[in-house]
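**Student:** Need the 3D shape of this:
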Amino acid sequence: MDKPTILRKRFIPPETIDISNDELMYRDENVLITRWTAIRPRPDISAGVSYTFINDGYKISRFYDGDRNFAFWYCDIVEVRYEEDTDTYTIVDLLLDIKVMNDGSYKILDIEELADALNRSCITKEQAAKALKSLDNLVKMINTGNFPPEICRKEDYWRI
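**Tutor:** Below is the predicted model:
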């Protein structure tokens with residue numbers, strides 16, 4: 001499997017980071033799976049496995065604590081741009097996030113950041129609308145007991 005370039009782009013703070021050194025576990029036209037260690041490790045986050053759902057507008061990550069125990073799921077609402085000629089994925093963080101705990105409880109995060117970014121024209125109205133639709137889809141998935149998606153449950157990918 002050829003290894004693509006993978007960039008993570010954020011609006012707040014404004015930055016683009018090359019995360020191509022993350023271990024590529026799997027990719028197809030719908031999903032990109034990577035295993036990684038934290039750029040800035042903390043006691044509650046040291047490593048993880050991320051499932052970027054290219055066409056669905058979200059990235060679901062298994063976060064591991066400093067002892068490499070599963071801590072929680074973290075869902076980033078994203079927009080994925082793919083440049084075939086350079087085999088480059090740019091994962092654009094659309095600011096909204098959901099943290100899902102082991103007991104199924106969850107918290108929606110960074111709604112104020114989305115509002116601020118929209119007011120400052122950091123993101124477009126179309127991107128904000130897309131972010132809200134992706135957030136709604138994830139919340140429905142969680143509330144109906146269909147979270148995480150089946151591919152996120154395969155041990156082959158998440159063993160750290």
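
**Student:** secondary structure class for Asp116?
**Tutor:** Of the three states, Asp116 takes helix under DSSP: H, G, I helix; E, B strand; the rest coil.

**Student:** tally of neighbours for the closest residue to it other than its chain neighbours?
**Tutor:** Leaving aside its sequence neighbours, Asp116 sits nearest to Ile12 (CB to CB, 6 or more residues apart in numbering; 7.3 Å). For every residue, glycine as well, the C-beta is placed using N, CA and C. Per other CB atoms under 10 Å, the neighbour tally for Ile12 reads 15.

**Student:** Now stretch 86-98: buried residues?
**Tutor:** 89-98 (16 or more other CB atoms under 10 Å).

**Student:** What's the separation between Phe147 and Thr5?
**Tutor:** According to CB to CB, to the nearest Å, Phe147 stands 30 Å off from Thr5.

**Student:** ok, these two, which is more surrounded?
**Tutor:** When neighbours are counted by other CB under 10 Å, Phe147 and Thr5 differ, and Phe147 comes out ahead with 19 against 13.

**Student:** host element of the residue lying closest to that one once chain neighbours are set aside?
**Tutor:** The shortest distance from Phe147 to any non-neighbouring residue, by CB to CB, 6+ apart, is to Met141 (4.6 Å). In the assignment (DSSP states H and E), Met141 maps to helix 125-143.

**Student:** Which residue ranges of the chain form helices?
**Tutor:** Applying DSSP state H to the chain gives helices spanning 111-119, 125-143, 155-158.

**Student:** Out of the ones you listed, point me to the one whose mean pLDDT is lowest.
**Tutor:** Across those, helix 155-158 has the smallest mean pLDDT, namely a mean of 64.

**Student:** Can you pull the phi/psi pair for Asn21?
**Tutor:** Torsion angles at Asn21 (phi, psi; degrees, to the nearest 10) stand at phi -80, psi -10.

**Student:** mind checking how far it is from Lys3?
**Tutor:** Distance, Asn21 to Lys3, by CB to CB: 10 Å.

**Student:** swap in Ile19?
**Tutor:** Distance, Ile19 to Lys3, using CB to CB: 12 Å.
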